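Q: sequence first, then the predicted structure:
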Amino acid sequence: MKQMNNKSAEETDAVTGDSDAVTGNPEEMTGDSEEESGNSEEATGNPEETKQVKPIKLWRIILLLVILFAATFFMAGAFWALSSWSSISTDELLWHLKTSLKGANTSMVWEFVLITVGSAILATGVAAFLLFWMRIRKSRAAGRRMFRIMQLFTGLVLMTGLVTAWIGFGVGDFLKNYMDPSAFIEENYVNPQKVKITFPEKKRNLIFIYLESMEVTYMDKENGGAFPENVIPELTELAKENECFAGNSGKINGGIALPGAIWTMGAVFGTTSGLPLKTPLGQNGMSMNSDFFPGLVTMGDILEGQGYQNRLLMGSGATFGGCRLYYGSHGNFAIHDYDYAIEVGRIPEDYFVWWGYEDAKLFEYAKEELTEMAKEGKPFQLAMQTMDTHFEDGHSCWNCRYTFGDNKYANVMNCSSRMVSSFVEWVQQQDFYENTTIIIAGDHPTMDKNFCEDVPETYQRKTYFCIINPAESVKAGTKERDYSTFDIYPTTLAALGVSIEGERLGLGTNLYSGQKTLLEQYGKDKMSLELEKRSKVMEDMFNGEYGTGK
């Protein structure tokens, strides 16, 4: 009878494809279901009483490893972003996911790849080794136990990434705001197409300098900043000697960046259209579109309509973040970016520093551009974007000093302050300066995680803003203005001597006028709350349907 049972067991193994011998010993039996559950009860060797454990199918192991790779990548990416940025909104994150990353800082991209992909490969590699080693070298039951452990681990990694992103990026608030639309923009928006805008007979030139991450915050407390020592003394003097709408306060004033305008492209959009950069959820990326908010009238459109030659000068690639598309479709700007510099031979083909080329080169090229544009005999706008002061810690060029010791970012900000001041002095010595207005604006508060960590939460951080040599027809009042970067749109035109019916464009108010800004009417908290919500009118603008009756 015993021989018959052994024979029967061998036949059963042959049918199931199991090559393991059934010895009756629970430590050596790989197919006993009681071994899988940890029960050491001795098996009888009877095939009817012995339930075979099937091996985990290969496709299930591969699927689990793929999910683990994706979950680890996502979690590492969330931790990297939140450790690098002081704050990042879901609007900003979605914007950059929609637009091209071409032209981004390669060191930052590689850092992201190293951390995310490296973490994902490491976690997946270890999991794969354990799963297959237990499956091949040990037993099927042990392989199943390891598979379940890896399932739990993968779930934990995925949950950690989701919770981190949900809280850190404000996904919950974003979804809540999306489900609760606001009519604030629609009720307060002033369409430039429906407003009479009158230019002076002799049109003024415009030099608009966007300073990456430049804030009033970096000044000392005596001048309205929050630092113990003034990091940007030259920019402080420029604001004192010119206009920053501080009135008689004795301190430097700046603009408040509101939701939709807290990153570079959002800031550019906000200061030239008076609107937050909000796009419909789920729409194709802007890089796939042929136009950028078709039908929207921006400052570039207005100046182009008045015969201005518009140029954009930047040391990075203009494709990144939708910049090229915006400037190209609103004002027909000639875009002289990093790629253009290579094309015309300003820099070698293999030259790449930080985001492209240094700001020191940018200001030298700006002198060439302005000299050339002034000879054309037409009014011009030269828009410039600096990049050395981008987080993290900025880029030190040959002009940088070690005034602030090993605080690299402070030294870079200080260097930028000196370069801007020197450039303004050069412009003031040129023949075209008399009829040229200079606007200097920080695009948004810095995203550097550590630079402003000692600034009290009660301190209102503001972007730097200064108007040099405005038209004689405008004069600021004695009262300090409470304004946002949206107000820069109509204020810039007013500084060129332009008359604006009603003194408002977009969500902005001409700061030279006595009319209240929306920030002065509603307050920052109210405006921020409303601007974070979904706006159907912005969706119509994005799709080119605003004012069409569709």
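A: Nice, thanks for sending it over. Numbering: from 1, shown residues only.
Q: check the secondary structure at residue 505 for me.
A: Secondary structure, DSSP: H, G, I helix; E, B strand; the rest coil: residue 505 is strand.
Q: thinking residue 337 is in contact with residue 327, fair?
A: No. Residue 337 lies out of contact with residue 327 (C-beta atoms under 8 Å); the separation is 9.7 Å. Backbone N, C-alpha and C define where each C-beta goes, glycine included.
Q: what residues are shared contacts of the two?
A: Common contacts of residue 337 and residue 327 (C-beta atoms under 8 Å, 6 or more residues apart in numbering): 312, 318.
Q: residue ranges of the strands in the stretch 401-550 of the chain, please?
A: For the stretch 401-550 of the chain, applying DSSP state E, counting those that start in this stretch gives strands covering 436-442, 463-468, 499-500, 504-505, 508-509.
Q: just want the angle from the second one to strand 436-442.
A: It refers to strand 463-468. Interaxial angle of strand 463-468 relative to strand 436-442 (axes from the mean of the first three to the mean of the last three C-alpha atoms, to 10 degrees): 170 degrees.
Q: can you check which of the strands of the stretch 401-550 of the chain gets nearest to residue 121?
A: Residue 121 lies closest to strand 436-442 among the strands of the stretch 401-550 of the chain, at 39.4 Å (C-beta to C-beta).
Q: stretch 167-174 - what's its average pLDDT?
A: Stretch 167-174 shows a mean pLDDT of 77.
Q: and it, how far from the chain's centre?
A: 15 Å (C-alpha atoms, centre = their mean, to the nearest Å).
Q: circling back: dump the strands of the stretch 401-550 of the chain to CSV, plus mean neighbour count.
A: Putting those into CSV (neighbours: other C-beta atoms under 10 Å) gives the following:
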stretch, mean neighbour count
strand 436-442, 24
strand 463-468, 26
strand 499-500, 18
strand 504-505, 28
strand 508-509, 30
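Q: CSV please, covering these and showing mean pLDDT.
A: Shown next, in CSV, are those (pLDDT from 0 to 100):
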stretch, mean pLDDT
strand 436-442, 98
strand 463-468, 98
strand 499-500, 97
strand 504-505, 98
strand 508-509, 98
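Q: looking at those strands, which is closest to residue 541?
A: strand 504-505 (14.4 Å).
Q: which elements pack onto that closest one?
A: Applying 3 or more C-beta pairs under 8 Å, 6 or more residues apart in numbering; DSSP states H and E, we find strand 504-505 packed against helix 488-495.
Q: all strands of the stretch 101-250 of the chain, in order?
A: 197-198, 205-211.
Q: any chance of those strands in TSV, with mean pLDDT too?
A: Below are the strands of the stretch 101-250 of the chain laid out as TSV (pLDDT from 0 to 100):
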stretch	mean pLDDT
strand 197-198	97
strand 205-211	98
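Q: among these, show me which one is buried the most.
A: Stretch with highest mean neighbour count among the strands of the stretch 101-250 of the chain: strand 205-211 (a mean of 24; mean count of other C-beta atoms under 10 Å).
Q: including distance to residue 383, could the strands of the stretch 401-550 of the chain go into JSON lines?
A: Output for these, formatted as JSON lines (distance: least, C-beta to C-beta, whole Å):
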{"stretch": "strand 436-442", "distance to residue 383": "9"}
{"stretch": "strand 463-468", "distance to residue 383": "15"}
{"stretch": "strand 499-500", "distance to residue 383": "20"}
{"stretch": "strand 504-505", "distance to residue 383": "18"}
{"stretch": "strand 508-509", "distance to residue 383": "17"}
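Q: nearest to residue 77, of the strands of the stretch 101-250 of the chain?
A: Comparing the strands of the stretch 101-250 of the chain under C-beta to C-beta, the one sitting nearest is strand 205-211, at 28.0 Å.
Q: partner strands of that closest one, parallel or antiparallel?
A: strand 380-385 (parallel), strand 436-442 (parallel) (DSSP bridges).
Q: in the stretch 151-300 of the chain, where is pLDDT below threshold?
A: Where the stretch 151-300 of the chain drops to pLDDT under 70, the residues are 281-290.
Q: got the residue ranges for the helices in it?
A: For the stretch 151-300 of the chain, applying DSSP state H, counting those that start in this stretch gives helices covering 171-179, 184-188, 233-241, 264-273, 299-305.
Q: distance to residue 362 and mean neighbour count for those - can I get that in CSV?
A: Shown next, in CSV, are these (distance: least, C-beta to C-beta, whole Å; neighbours: other C-beta atoms under 10 Å):
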stretch, distance to residue 362, mean neighbour count
helix 171-179, 35, 15
helix 184-188, 34, 16
helix 233-241, 16, 19
helix 264-273, 15, 26
helix 299-305, 20, 21
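Q: can I get those helices in CSV including distance to residue 544?
A: Output for the helices of the stretch 151-300 of the chain, formatted as CSV (distance: least, C-beta to C-beta, whole Å):
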stretch, distance to residue 544
helix 171-179, 21
helix 184-188, 16
helix 233-241, 39
helix 264-273, 15
helix 299-305, 14
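Q: among these, which is nearest residue 381?
A: helix 299-305 (5.4 Å).
Q: can you get me a residue count around residue 259?
A: The tally of other residues near residue 259 (other C-beta atoms under 10 Å) stands at 21.
Q: list the contacts of the nearest residue to residue 238 once chain neighbours are set aside.
A: In space, and not counting its chain neighbours, residue 238 is closest to residue 466: 5.4 Å by C-beta to C-beta, 6 or more residues apart in numbering. With contact set as C-beta under 8 Å, 6+ apart, residue 466 has these partners: 235, 238, 239, 242, 243, 244, 439, 440, 441.
Q: phi first, then psi, for the residue lying closest to residue 179 once chain neighbours are set aside.
A: Of all residues not flanking residue 179 in the chain, residue 534 sits nearest, at 7.6 Å (C-beta to C-beta, 6+ apart). Dihedral angles of residue 534 (phi, psi; degrees, to the nearest 10) stand at phi -60, psi 140.
Q: for residue 275, same thing?
A: phi -140, psi 150.
Q: verify the contact between it and residue 260 for me.
A: Yes. Here residue 275 reaches residue 260: they are 7.4 Å apart, a contact under C-beta under 8 Å.
Q: for those two, list the residues in contact with both.
A: In contact with both residue 275 and residue 260: residue 269, using C-beta under 8 Å, 6+ apart.
Q: quick one: the strands paired with strand 205-211 as CSV, columns for distance to residue 477 too.
A: Listed next are those as CSV, based on distance: least, C-beta to C-beta, whole Å:
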stretch, distance to residue 477
strand 380-385, 27
strand 436-442, 19
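Q: among those, which comes closest to residue 317?
A: Minimum separation from residue 317 across those (C-beta to C-beta) falls at strand 380-385, 11.3 Å.
Q: dump that closest one to CSV, keeping only the CA atoms.
A: Provided in CSV are the C-alpha atoms of strand 380-385 (Å, rounded to 0.1, in the frame of the first residue of the first chain):
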residue,chain,number,x,y,z
PHE,A,380,10.7,99.9,-29.0
GLN,A,381,10.3,97.6,-26.1
LEU,A,382,13.1,95.4,-24.9
ALA,A,383,12.0,92.8,-22.3
MET,A,384,14.8,91.1,-20.4
GLN,A,385,14.8,88.1,-18.1
